[in-house]
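Undergrad: No sequence on hand, only this structure:
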């Protein structure tokens, strides 16, 4: 290696992870549930630490769940819901409502099929 060679570091910026799925793709359940938990927590003006301690789960884990990075068990979701003063059914119902409002492609497609019609694989 020559002492005359320039020393340049190649910098590759991090790209933010999109919070919404690309057009035409259904959102993941864990993303929607995480959005609901975060929205409820911030609406109450509570911190991750406060909710995580009340739910007896770690702050990093709750953060990962809220960001849709972890698929939380029903026990963890129930604990997080309780710590927010909600039931598990409340969180799941809010998540279902959000999915319905996002107008997912499969919801539109299934709405066009007559009731009881089964789509067979080719």
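TA: Nice, I can see it. The shown structure was predicted, so the numbers you read here are calculated from the model rather than taken from an experiment.

Undergrad: Please tell me how far residue 29 sits from residue 88.
TA: If you measure residue 29 against residue 88 using CB to CB, to the nearest Å, the figure is 14 Å. (C-beta placed from N, C-alpha, C; glycine too.)

Undergrad: all helices for the protein, in order.
TA: 29-43, 48-55, 59-66, 74-83, 88-101, 105-112 (DSSP state H).

Undergrad: Which residues does the first one contact?
TA: If you take CB atoms under 8 Å, 6 or more residues apart in numbering as the criterion, helix 29-43 is touched by 19, 21, 47-48, 51, 62, 65-72, 77, 80-81, 84, 86, 91-92, 94-95, 98-99.

Undergrad: Whichever of the residues you listed end up buried, select them in ChimeraX.
TA: Only the buried entries of the contacts of helix 29-43 go into this ChimeraX selection, using 16 or more other CB atoms under 10 Å:
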select :48,51,62,65,66,68,70,72,77,80,81,84,86,91,92,94,95,98,99
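
Undergrad: Kindly confirm whether my reading is correct that residue 78 touches residue 88.
TA: Yes. Residue 78 lies in contact with residue 88 (CB atoms under 8 Å); the separation is 4.3 Å.
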